[in-house]
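1. build the 3D model from these lines:
(chains A, B, C and D)
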Amino acid sequence: MSIDWIKLLFTLLGLFIVLNYGLLQYGLIRRITARIGKRIGMPVYQPYIDLVKNYAMRSQITHGVMFYLGPVFRLVGGVGIFMFMPLIYGSYYWSNYSFAGDVILIMYFMFFGMLGMALGASEGGHPYSFIGISRGLSQFTTVEVPFTLAVIAVAVQHHSFSLTEIVAGQQGGIMHWNIMTNPFAGIAAMLAFLGMMMASPFNVVQAPQEIPIGPPTEYHGTYLGLLQTNRAILYVSESILMVNLFFGGATNWVELIVKSFCVFFWPVFVGLVFPRFRIDQSIPWFLKIPLILSIIGIFMV
Amino acid sequence: MEYLTLQNIGLVTGFMLMLIGLYGALTQKNILRIIVAFTIFDAGLNLVIVALSYIKGRVAPIIDQTTGVTNLSEKFVDPIPQALVLTSIVIGVGVTGVMLTFALRMFKTRHSLDINDFKQTKW
Amino acid sequence: MVSPVHIVSIGLITAFLLGLGKKSQQQMLVFVLMIATAAMTMVSGSWLIGLMTGSLKPTDVFTAGFKPPFAINLRMTMDEAVLTTMVNVFGFLTVIYLFDVLKKAGKHLLSIIVVFLIGLNVVVMTRDLFNLFVFLEITSIATAGLVIIIQDSKSISAGFKFLMASSVISGILLIGIIFAYSYVGNLNIDFMTNLSMVKGGAVAVFLVMTAIILESKQFPANGWALDMYESAHPAIGSALSAVSAPAILFVVYKLMPMVPENWHPVIGLLGLITFAFSNFLATRQENIRRMLGYSSVAQGGLMLTVVAMSVYFGQSFWFIILGFLLTNFFAKAGLFWLNGIVNSDDQNKWGILRKRPVLFFLFGVFVVAMAGLPPFPTFFAKWEMIMQLAQGNGWGWIVLILLGSIFEIAFLFKWFGRVFHAVKDQPAEPVIPWFKEFPVMLFGAGILATSYYFIKYQQFDNLFVLIPLLIVAAFVVIDFLPAFIKNILLIAALTFYGYIIYPEIKGNIMQLVFMSVFLVGGILTLIPGFATKGTRAGFYPFAAMTIFGLIMLVNPGDNLTFFMGWEQMALGSYILILRGKKAERPAQQYMLFSAGGAYLMLAAFGMLPHFAGDTFFGNLSGLIPGAGVVFVLFALGFMLKTAAIGLHIWLPGAYSEAEDDATPLVSGVLINAGVLGLFWIVTSFGPQQLFGYDIFQLMGWIGAITAIGGNMLAIYEEDMKRLIAYSSVGAMGYIIFALSMDSKLGLLIALYYMVLHFIYKTMLFMSAAGVIYRTKTRNMYEMGGLIKSMPWSFIVVLIGIITLAGMPPLAGFAGKWMFYNAVVMKGWYLQGTMVFFSGIVAFLYLYKLIASVFLGQLKDNHRRVKEAPFVYLLPQFIFVIAIMVLSIFPQVLLEPLATIIPDRVPGEAILWDGRLAMTSFGYWNAFAVMTTVIVMFATIFLWLTYHSRKAQKVKQFNIVFAAERPFRPETTHVSYNMFAGYKKALGWLMTPLATQFWTGISDWSTAIADKVRSWYTGNGQTYAMHLLLYAFVLYLLISGGKIL
Amino acid sequence: MSNSNNHKLLIKTDRSSYPQPDESGKLQVDLDSGKYVKVWHGPNHPGVTGNMSLELTLCGDEVVEAKTHVGYLHRGFEKIFERRTWMQCFPTVVRMCVPEPDSNEYNLAASMEELSNVEVPEYAQWMRTLVLEMARISNLLRLLPAHGGTMGLGLGVQWGVYLRDLILDRFEELTGARIYHMYIIPGGVRGKMPDGFKKRLISNLDDIDDFLIRLKRLVIDNAVFKKRSIGTGYINPSWVDKYGIVGPNARAAGYKRDVRKDNPYLIYDQLDFEPYVDNEAASDIFSRTWVRFMDLKYGVEMIRQILDKMPNDGEILGKIPNALNWKIPTGQTYVRSESSRGEYGFFAVADGSEYPRRINLRGPSYTHAIALLEKLLVNANISDVSAIMVSLATCPPEIER
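-> Numbers count the residues shown, from 1 in each chain, chains lettered A, B, ... in the order given. This is a model prediction of the structure:
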């Protein structure tokens, strides 16, 4: 197989853009939330400072090989989702490596980072890591159900699992977006998206008041840097996924950024005004309203 | 009155005896009485056999001066049941003997002849 | 040639001779008896051989020089030759067996034995009704005499009850005879065939038949017989069961020509009721002799059925009856004799047999033979009987037989399991005199030889049946060798077998796939066995039996081979499971469920010819009314093996309690047998309906529920092996679901997943075995942090769980990807979601598995634990390589698998464009994914390595801990009850309904059995009453309330 | 069961994997079995109310054993008092509860005044009441949103802290200090209201009113908060006397306990107020939140009342001896006031010297955070630990004095 170097270059460029966008977005969101809480908040570029600081940290410890590999898995998971997702509709070069697989691949690739991270954190041996991971996995099982159903609904609607095709089917104005054509599936997916982004009320994974930072308790320095990098990429990638699935995709970068920012703001907004569910409350929650909505959504098609 | 033949009387008596014997064997609690009941049953049984083979006006199948040696099959009652009865009686006696032996042994083990005392094996 | 009458004359002479002997000459008298019985055996044996070779003709012996009906005649044909030989051989061996008893007892006992044998011989041979009566009485009296060899109150009272019963019976018989005589005018059976036609003759026939049937101890009028079995000396019990009962049944057979045809089914059904109920009641027995008594009675009932239906069975009659007769003869006698050797009715005392491998082996052989498992004659007889009954639509009969059989298996294997696990530290080596062992061994040899002939008679495909069985037999013989050598030999045998079988199945990819799963799986799972020391007695024959049983499933020449392979595999794996330390109950459950499944299949096989002819699994095209029932029966049978939800409760116990290194074989490899079966029926039946419902729809739901149930149960398990076992349940649900989609893609998923599940589950179980081997515990919360000492095992588990979870880039993703496409195409969204949900739930237990064991806190007592032995790791890494290859090139497996699926199946198949797999919905390129991931991983890893090059490795407790420090690994390792929150939220999903249901069934049946068996009050009068009632009911059944 | 919300779940789920209680009702926990996890909830923990730690033994996600650990302050206040003159105790006494130091000041001052019979001028009494009420609302502004904060709703806390800062500004204006005011001194208070103080304070109170409306919407009416808090951390009303539960916690359990009402001090008898009592005795976190919410609301009202009713000017200090050499006559007294956490008392013993013989503190946290909390946490979900703890309004230094 010959490698399309130009495409690789574009992909890397896209990755770079997304990373920066993710960092800035994070800073901006923090700033906005601070204002809501009657604070001034940190500078927008603070994530860069954190990132540089973490990568520059000298004192580092490791608990073992898997501990070491955990962040690698995590970042590969994040970057992988980005890689396998078409960014800009109609552009060959901005479609990344989406030729390798369809939306199912992306959905399952999310697990890759999760599991790797879970294992890495576990080798740290901190009880909070275990508790956080067990909560995270538990919640994730139920988050994925309505989400997957919504994705299937969309796939059935467009008769394809290919994201490109799904986006193609949504072109031609806001009324063609899946969120309009299949609102039930769309709403279900957006509710599940809350859980995927692990914002309140579904942030019991990291729950500061309970298990201070959950899984990454032991991670610091470069490890944390990798995790932060991943967060920037992953969150944006997941938002882009939602944009592609339900909000008509994007034909240029501006559209992409605007849409994904709006999508990303949804969990932030909800997270701001809700306390978190306990794990035994959030699990049934996803199996109630979102699940029912997504089932309606799938039979609406 | 035509039913009141010797054969029928024998049959009815035999069956009655059998029923009495069975009734006794099934209701009496004393082992010896049960054995006695069984002998009554046997007796009835044998009576039935004999009665069945009885043919009016014929004699027992024993060749002597009175019967002569010709046309025996017309003079005698059916000889086979008679022979069978003998065997049956013998066997009956044998069984009764064995039963009595058992009764003796049972009495020796438990000092009781009540059949309800011998229910160690059940279910 | 010696006239058969000399059997009697020898006996009589001996009896007189014995009477002449003196007390001091007792030992010599015993020898005389021995010689006499040997001579009797010679006579009958010579007739048997003569008749078999054809050098002799069947003969009638006329007494008193007259021909019947004017005189008594004894007949000697093949039938009588067989039976008399059995009687006399048995007599001879009984004398040997009772040598010590007879030496001490009076000479009268010797005479009684002779009389008993004479009685039976004549009963068998005579053609005269009254003579029959006489010798029956003689036998009865002799029996009563024999019962009191043990002179305790129990046996004496039992003897008395017997006498009472036999008095009543003989009364009935005698009246019947005399009536018969008075109607026909003679006493010869051969001249009575039209007796029932004569007015009133039917009553005579009825009385005679009733007496004989009562004599053959039919349920429920058989309390006296049971009491006698329980209290008599085991040798006498064996005589009653092994020769007395067959002789009586032969009388029934002789009388059958007299009996009107419409009575046959009634008698047959009564026999079956006896079979079913006696076995049912035997399940509640703790006393071995009484249990054997129930079993004997049950066998008698079954044989009565066969005899009563002899006309119906026609040509198969001899095959069926011989199968039952010989098995009962050898096995029941053997078991009674073993009882005498152990000299206890307490199951736990039977552990003494564990000291004598040969006797223990024979014990197993007898039990298995009694239970009707292959390769013993009853198995074939039962098969033939059911096939014959099915041809005549005798479904009710089949149900009774199968019910009885399952009860039979229940109590026999409860007993076997108990003995297997009975305490081994019995007082020293038991002293067992040779004359006790000898008859048992002879009969053991007898049953094996009979089995051999039965198998020969069936004319199986030798490559698939006889060679495997011979290999198994060979491993029985060489069981004394060290485990190491046997392991090599078995692996070599399997390899060689694969080599010779390959040309046969080369063309058939389906067979090839399953064969390689079974063979390769067998070989690889054996490799860890090299780590065991000692002889590992009893493992290899059954491992071989299991693997070859599986192989027999792959290429069945006919239905019987398939079924035989199935049963054989069940038996072998049962023993492998039973070998585990605490496996008694789980193994028993396993056996019961296996047998249940097998019998459902048996019924289905019976029905199959109605739809599909005699060839294997036929090919039904299109909807056939009624075929749905067959399909459901088969599906249930196979789903029992794949442990569909509700039928799964045997699985976790069986898999987890089996020996650790045997588990991969009995789980990862064996479970595919169910998949094989399901695949077969799904492809050959196609969509069928049951009461108008689409069965596939139903199966889909079952599969979905199983997938969720299995995985849900797995996440709360603390036991490593149970966790993996439940995971198998989940995986099987997935496969059942995929199969039930009945689309090309669905079937492909099922096959692909079958192979994959085989690979990763075997791997995981082996890895678990390695860990357990080192840590000596199965509780995951007692482990932790083992990645440091067992890195290779960790890698294997990691690969295994990534595959299981279906994460890209490893091979499991292919299954998930196809699954989505298939579900969307099929439109089964709800079920699909459930299965999908189960797939994610799997993450929970996978995480628990790997994190609790390998990550987290290392416990103090595991600080010196080493890596698992090389022989454990070797097969695991072979599997890892297989997974890796499949991950990069899934088409290697998927393309051939796709060719198996018949064209009939609807739906679209995967299109391959080079490495790109496509359906109309989606696409996926495993190679591209893999390369991308590897490149990304390497890049990021290097980036991290560059940045953290100075990272310093720290000690275990160097963690951030709220300004405190953890003080013990035990209280820092989060593993126990890890998903408590999940349990609180969704715990109601795993309400143990199935367990409650089966426990309920078990309790319920126990209660009923207790109620029913209280019928046997122990009172002789009640028993006599039962006889009369039985006669009365029988009369009503036969006459329908009218006067005959 | 200490936790009725849990209790509903307990019926549904299989409890066999949890430790079972022995005859005395105590859970049997074998730490060697490897089934239990010990974690330290604090002192370095965002979910803990201060310098204390909870040693939790967990089984799954439930607490099976909880132990309160203190000792992270290393002060020993009560012992220190014995080596300080009465007046020197003032700087220390305020540190016994940082968020609400004024009750300490008042209690010490009142006990000294009582023992040495010092009259406090009326104006000073009004000022004292004002300060105490301000301290109450400033503490409640921090504490009340924290009920949501422990469950991850940080927004309310941020708002509350903002408003608390405004009140602290007023304190700074009035006393010169934001936290340790040391305003109430024996004999009176330290100063008068600055110009415009009243106006600014009232404007702050208006802000708080506004905040209360929003807080009710954000926290109390929040479905998730309700779901988490209703039924959780249930204090059986029968424990109230047994465990010495006071203040809002007692009032949530249906007990009308308020020192201001039961045993009026300062000028509380001149004020018109009725402490809120949860008559349904729900006694869970939600109920306690609600009681505190009403406390805050009434506190604001009360400050308005005080500002209305208080004299415009007057003496601020009564007649006292030389403060630096103030010998208190032999005697003992128990002085109590109602802090925002409940009855807060000082038992002071004087031996006639300038040093206190003994000052013993009766703070609500001691009973709440040790005896009660340890009992309440058993069988509680680990997620609820900080919520329960915060809902009891513990103040660790007060335990470890």
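
2. where does chain D get nearest to chain C, residue-wise?
-> Relative to chain C, the nearest point of chain D is residue D:60 (2.8 Å; C-beta to the nearest C-beta). From N, CA and C alone the C-beta is placed, and that goes for glycine too.

3. tell me, how many residues neighbour the closest residue to that residue other than its chain neighbours?
-> Counting by C-beta to C-beta, 6 or more residues apart in numbering or on different chains, residue C:980 is the residue found nearest to residue D:60 once chain neighbours are left out, at 2.8 Å. By the measure other C-beta atoms under 10 Å in any protein chain shown, the count of residues near residue C:980 is 25.

4. separation between residue C:980 and chain B?
-> Using C-beta to the nearest C-beta, to the nearest Å, one gets 47 Å for the distance from residue C:980 to chain B.

5. in this structure that residue contacts residue D:62, no?
-> Yes. With contacts counted by C-beta atoms under 8 Å, residue C:980 reaches residue D:62, the gap being 6.5 Å.

6. show me what the helix or strand harbouring residue B:26 is packed up against.
-> Assigned by DSSP states H and E, residue B:26 belongs to helix B:6-27. For helix B:6-27, the helices and strands in contact under the criterion 3 or more C-beta pairs under 8 Å, 6 or more residues apart in numbering or on different chains; DSSP states H and E are helix B:31-53, helix C:153-184, helix C:1020-1039.

7. for residue C:376, give me the pLDDT.
-> You'll see residue C:376 listed with a pLDDT of 89.

8. what's the answer for residue C:733, then?
-> The per-residue pLDDT reported for residue C:733 equals 89.

9. distance check, it against chain A.
-> When C-beta to the nearest C-beta is the yardstick, residue C:733 and chain A sit 16 Å from each other.

10. residues near that residue, how many?
-> Residue C:733 - counted by other C-beta under 10 Å - has 29 other residues nearby.

11. likewise for residue C:10?
-> For residue C:10, the number of neighbouring residues by other C-beta under 10 Å comes to 24.

12. for it, helix, strand, or coil?
-> Here residue C:10 takes the helix state, with states given by DSSP: H, G, I helix; E, B strand; the rest coil.

13. determine the longest helix present in chain D.
-> helix D:122-149 (DSSP state H).

14. for the residue of the stretch 251-400 of chain D found nearest chain B, give me phi and psi.
-> When distances are taken as C-beta to the nearest C-beta, the stretch 251-400 of chain D reaches nearest to chain B at residue D:379, 48.8 Å away. Its backbone dihedrals place residue D:379 at phi 70, psi 0, with angles given as degrees, to the nearest 10.

15. neighbours of it, how many?
-> Neighbour count for residue D:379, taken as other C-beta under 10 Å: 20.

16. just residue C:1006 next, same as before
-> The local packing of residue C:1006 (other C-beta under 10 Å) involves 12 other residues.

17. that one sits in which helix or strand?
-> When secondary structure is defined using DSSP H and E, the element that contains residue C:1006 is helix C:993-1013.

18. OK, contacts around the residue lying closest to residue B:119 once chain neighbours are set aside?
-> In space, and not counting its chain neighbours, residue B:119 is closest to residue C:1018: 3.2 Å by C-beta to C-beta, 6+ apart. For residue C:1018, the contacting residues are B:118-123, C:223, C:227, by C-beta atoms under 8 Å, 6 or more residues apart in numbering or on different chains.

19. again, but for residue C:951
-> Shown in contact with residue C:951 (C-beta under 8 Å, 6+ apart): A:60-62, A:68.

20. my guess is the residue of chain D closest to chain C contacts residue C:976. True?
-> Yes. Using C-beta under 8 Å, residue D:60 is in contact with residue C:976, at 7.2 Å.

21. the two - which one has more neighbours?
-> Residue environment comparison for residue D:60 versus residue C:976 gives the larger neighbour count to residue D:60, 26 against 21, counting by other C-beta under 10 Å.

22. any idea how far the more buried one lies from residue D:234?
-> Summarising the geometry, the distance separating residue D:60 from residue D:234, computed by C-beta to C-beta, to the nearest Å, is 20 Å.

23. nearest to chain B: which residue in chain C?
-> residue C:1018 (2.9 Å).

24. that residue: what secondary structure?
-> Look at residue C:1018: counting by three-state DSSP, its state is coil.

25. list the strands paired with the lowest-mean-pLDDT helix or strand in chain C, with their directions.
-> Sorted by mean pLDDT, DSSP states H and E, the helices and strands of chain C end with strand C:689-690, the least confident at a mean of 80. Each strand paired with strand C:689-690, and its direction, by DSSP bridges: strand C:693-694 (antiparallel).

26. quick check: mean pLDDT of stretch B:69-78?
-> Mean predicted confidence for stretch B:69-78 is 72.

27. equivalent analysis for stretch C:415-427, please.
-> pLDDT averaged over stretch C:415-427 gives 77.

28. please apply the same query to stretch C:645-659.
-> According to the model, stretch C:645-659 has a mean pLDDT of 85.

29. now do the strands in the chain.
-> Defaulting to chain A. A:61-62 (DSSP state E).

30. not what I meant, chain D
-> According to DSSP E, the strands that chain D contains are D:37-41, D:53-59, D:62-69, D:184-185, D:188-189, D:331-339, D:342-350, D:356-362.

31. how about residues contacting the helix or strand bottoming out on mean pLDDT in chain B?
-> Ranked by mean pLDDT, DSSP H and E, the weakest helix or strand in chain B is helix B:72-75, scoring a mean of 71. By C-beta under 8 Å, 6+ apart, the surrounding residues in contact with helix B:72-75 are B:58-59, B:61, B:63, B:67-68.

32. which is the next helix or strand following it?
-> Next in sequence after helix B:72-75, counting helices and strands by DSSP H and E, comes helix B:79-110.

33. buried sites along that next one?
-> For helix B:79-110, the buried set under the neighbour-count rule, 16 or more other C-beta atoms under 10 Å in any protein chain shown, comprises B:80-82, B:84-85, B:88, B:91-92, B:95-96, B:98-99, B:101-103, B:105-106, B:109.

34. which other helices and strands does that helix contact?
-> With contacts taken as 3+ C-beta pairs under 8 Å, 6+ apart, helix B:79-110 sits against helix B:31-53, helix C:129-147, helix C:153-184.

35. of all residues in the stretch 1-150 of chain A, which one is closest to chain D?
-> Ranking the residues of the stretch 1-150 of chain A by distance to chain D (C-beta to the nearest C-beta) places residue A:37 first, at 3.3 Å.

36. if we can go back for a sec, quick check on the contacts of residue C:951: which are buried?
-> Among those, those that count as buried by neighbour count (16+ other C-beta under 10 Å) are A:61-62, A:68.

37. would you reformat the residues you listed as CSV and include distance to residue C:874 and pLDDT?
-> Output for the buried ones among the contacts of residue C:951, formatted as CSV (distance: C-beta to C-beta, whole Å; pLDDT from 0 to 100):
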residue, distance to residue C:874, pLDDT
A:61, 35, 82
A:62, 30, 84
A:68, 28, 85
